[in-house]
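Enquirer: got a structure for you, letters missing:
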């Protein structure tokens, strides 16, 4: 059973930064998704086992995904945050680099990120 534990959410002012962390029980493709109230869960970023990355256009240049396989941890560094980044952020485990929710089999419990204007 894959276990995912997220941390690092909180409240920040627009323009600020937060770093989310997700620990996982084995090496896989790791993705971050987010879901705002009343909206579909959407792709944010993903990190492949060998270092490849993928980003949603809405966060490219502001967010950065990285991983420390020795610590079984994936990070999402979020800079220049905007109110529209407010959402519950989920990390997820997949078997290949993808932007589709359906390609991720295991999900964390989510962590709230709130960006105030």
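Expert: That came in fine, so what should we check first? Note that the structure is a prediction, hence the values are computed from the model and not measured. Numbering: from 1, shown residues only.
Enquirer: shaky segments in this structure?
Expert: Residues of the chain that meet the criterion pLDDT under 70 lie in 26.
Enquirer: for this structure, what spans make up the strands?
Expert: Under the criterion DSSP state E, the chain carries strands at the ranges 4-7, 10-13, 18-24, 29-35, 42-47, 53-55, 63-68, 73-78, 87-94, 104-107, 111-116.
Enquirer: got the contact list for the fourth one?
Expert: By that I understand strand 29-35. Applying C-beta atoms under 8 Å, 6 or more residues apart in numbering, the external contacts of strand 29-35 come out as 20, 22, 24, 41-49, 65, 67, 74, 76, 85, 87-98, 101, 104, 110, 113. (Each C-beta comes from the backbone N, C-alpha and C, glycine too.)
Enquirer: let's see 6 Å
Expert: Contacts to strand 29-35, defined as C-beta atoms under 6 Å, 6 or more residues apart in numbering, come from residues 41, 43-48, 74, 76, 87-92, 94, 96-97, 104.
Enquirer: turn the strands of the chain into TSV, including mean neighbour count.
Expert: As requested, these are exported to TSV (neighbours: other C-beta atoms under 10 Å):
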stretch	mean neighbour count
strand 4-7	17
strand 10-13	13
strand 18-24	20
strand 29-35	24
strand 42-47	22
strand 53-55	16
strand 63-68	17
strand 73-78	22
strand 87-94	23
strand 104-107	16
strand 111-116	17
